[in-house]
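K.L.:
Just to be clear, the model below is a prediction. Sequence and coordinates:
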Amino acid sequence: MGLFNKIKNVFSKDKEAAKYEEGLTKTRKEFSTELAKLSKKYKNIDDDYYFFSNGNMYVFKLFHGNPDNIRDIYNLNLYMANYVNVDRIILNKDNNIVTAVNNSLYILILTIEKNKKIRLSTISNLSLIKIPNIKSLERNSWEILWGNLVDYYETQIGQNEKKYPLIRESFDYYVGMAENAISYVVNTKRETTPDENDSKVIAHNNLYCSLFDPLNIIFDHKSRDLAEYIKLSFFNNDEDIFEKLDEHFYYNKFSLYGIRILFARILYPSFYFKLYDEIIRGKKDEKELNYIINNVDRYEIFLYSVYLYLNKYYSIPEIEWLKKRGFDSRLDINFHL
């Protein structure tokens with residue numbers, strides 16, 4: 001039995017489900033064409049299946065997480081629908097959240113986000129939603145997670161270094177940045193104390209994905225999404241980033257602890273390790289690393305610019321190797337404070 005017949009069999013209970021069946025039937029013959037079109041619009045199709053019905057787009061999404069957390073994810077999706085127009089999880093005909101296809105778990109999601117552009121205002125608004133008590137979705141201890149990832153990557157690249165010359169040449173530099181970030185978090189937790197501005201908020205596993213995807217939503221410190229947004233702004237050549245940060249910090253109060261772990265997360269080169277992982281898994285060509293590698297000097301200047309900006313709110317520790325690069329004479333930043 002083909003994938004589409006299997007989907008039809010589990011989503012065929014009522015009038016609402018009939019719409020999914022209609023969409024699946026209409027797109028079956030043209031599925032390859034639709035994927036080809038979508039691959040131009042969406043960067044990562046991977047093992048997910050997109051289709052349209054009655055003007056709506058659905059995704060039959062491969063679930064990569066812990067199956068024990070599925071009910072919590074669904075309950076959070078229902079909860080958030082009371083506050084914001086999130087992508088919706090659709091139950092199958094047996095009222096199950098997940099559907100097993102070829103020994104893999106999938107979740108059907110009705111997508112609502114048409115504009116894929118990530119806005120800082122959206123991140124800010126989502127962080128204002130009071131989070132329910134769902135411990136499985138809370139994230140803690142970045143320093144431990146990053147340390148484990150670095151150890152894993154070091155073992156992995158040791159086994160594949162001949163196959164990936166660009167990774168081999170750049171890897172140690174970015175591991176060094178990650179170790180700086182880890183030390184910054186450890187020192188921050190030892191030297192400062194969180195306050196009422198440091199409670200967990202709606203955040204995201206991956207800022208490259210939809211902010212409204214129920215499988216992408218977690219609870220973490222509000223600096224998480226902000227840090228990833230700041231790093232993205234560099235690669236998007238956003239010249240207005242500091243003006244946007246002025247407005248963001250006006251409405252969102254940060255403690256000394258919050259500013260310090262914000263800078264720690266900015267230091268962590270998540271963009272490099274994300275691309276590294278996609279290269280190792282065969283999803284991206286290693287040559288795509290060239291853009292990151294060729295902009296190392298610019299990025300270091302950007303990092304120091306961000307440090308100087310944040311330092312106007314609180315005095316935070318410098319990174320010695322950035323300070324020694326002597327960027328002050330090359331910086332031209334209007335802080336608008």
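P.N.:
Perfect, thanks for sending it.
K.L.:
Please name every helix or strand in contact with the longest helix anywhere in the chain.
P.N.:
Among the segments of the chain that qualify as a helix by DSSP state H, the longest is helix 165-191. When contacts are defined as 3 or more CB pairs under 8 Å, 6 or more residues apart in numbering; DSSP states H and E, helix 165-191 packs onto helix 142-160, helix 256-267, helix 270-280, helix 289-294. Glycine gets a C-beta too; all of them are placed from N, C-alpha and C.
K.L.:
Buried residues, stretch 128-136. List them.
P.N.:
Residues 131, 134 are the ones in stretch 128-136 that count as buried (16 or more other CB atoms under 10 Å).
K.L.:
Format the CA atom coordinates belonging to it as CSV.
P.N.:
Backbone C-alpha positions of stretch 128-136 (Å, rounded to 0.1, in the frame of the first residue of the first chain) are rendered in CSV as follows:
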residue,chain,number,x,y,z
LEU,A,128,4.3,37.1,26.6
ILE,A,129,2.0,34.1,26.6
LYS,A,130,1.9,32.5,30.0
ILE,A,131,3.3,29.0,29.7
PRO,A,132,1.5,26.0,31.2
ASN,A,133,3.3,23.6,33.5
ILE,A,134,4.7,21.0,31.0
LYS,A,135,8.1,19.9,32.3
SER,A,136,8.9,17.7,29.3
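K.L.:
what's in contact with that stretch?
P.N.:
66, 68-69, 72, 75-76, 79-80, 83-84, 200-202, 219 (CB atoms under 8 Å, 6 or more residues apart in numbering).
K.L.:
Assign the residue lying closest to Ile73 once chain neighbours are set aside to one of the three secondary structure states.
P.N.:
Spatial nearest neighbour of Ile73, chain neighbours left out: Pro214 (5.8 Å); criterion: CB to CB, 6 or more residues apart in numbering. Of the three states, Pro214 takes coil under DSSP: H, G, I helix; E, B strand; the rest coil.
K.L.:
burial count for Pro214?
P.N.:
By the criterion of other CB atoms under 10 Å, Pro214 has 20 neighbours.
K.L.:
Same question for Ser104.
P.N.:
12.
K.L.:
And it, how close does it get to Lys93?
P.N.:
Noted for Ser104: a distance of 19 Å to Lys93, by CB to CB, to the nearest Å.
K.L.:
just Asn311 next, same as before
P.N.:
When Asn311 is compared with Lys93 (using CB to CB), they lie 57 Å apart.
K.L.:
Would you mind listing where this protein has pLDDT under the threshold?
P.N.:
Residue ranges of the chain with pLDDT under 70: 1-46, 113-116, 326-337.
K.L.:
How is it divided into domains?
P.N.:
3-111, 120-330 (automatic domain parsing).
K.L.:
Does Glu154 touch Val175 like I think?
P.N.:
Yes. In this structure Glu154 lies within contact range of Val175 using CB atoms under 8 Å: 6.9 Å.
K.L.:
Compare those two and say which one has the larger neighbour count.
P.N.:
A count of neighbours by other CB under 10 Å puts Val175 above the other of Glu154 and Val175, at 18 against 12.
K.L.:
which residues does the residue nearest to the more buried one when sequence neighbours are not counted contact?
P.N.:
Excluding the flanking residues, the one nearest Val175 by CB to CB, 6+ apart is Val150, at 5.8 Å. With contacts defined as CB under 8 Å, 6+ apart, Val150 is in contact with 175, 178-179, 182.
K.L.:
swap the cut-off to 10 Å and go again
P.N.:
Applying CB atoms under 10 Å, 6 or more residues apart in numbering, we find Val150 in contact with 174-175, 178-179, 181-182, 268, 273.
K.L.:
Between the residues you listed, which sits nearest Leu126?
P.N.:
Tyr268 (21.7 Å; CB to CB).
K.L.:
quick one: that closest one and Gly147 touch, right?
P.N.:
No. Contact criterion CB atoms under 10 Å: Tyr268 and Gly147 do not qualify, at 11.1 Å.
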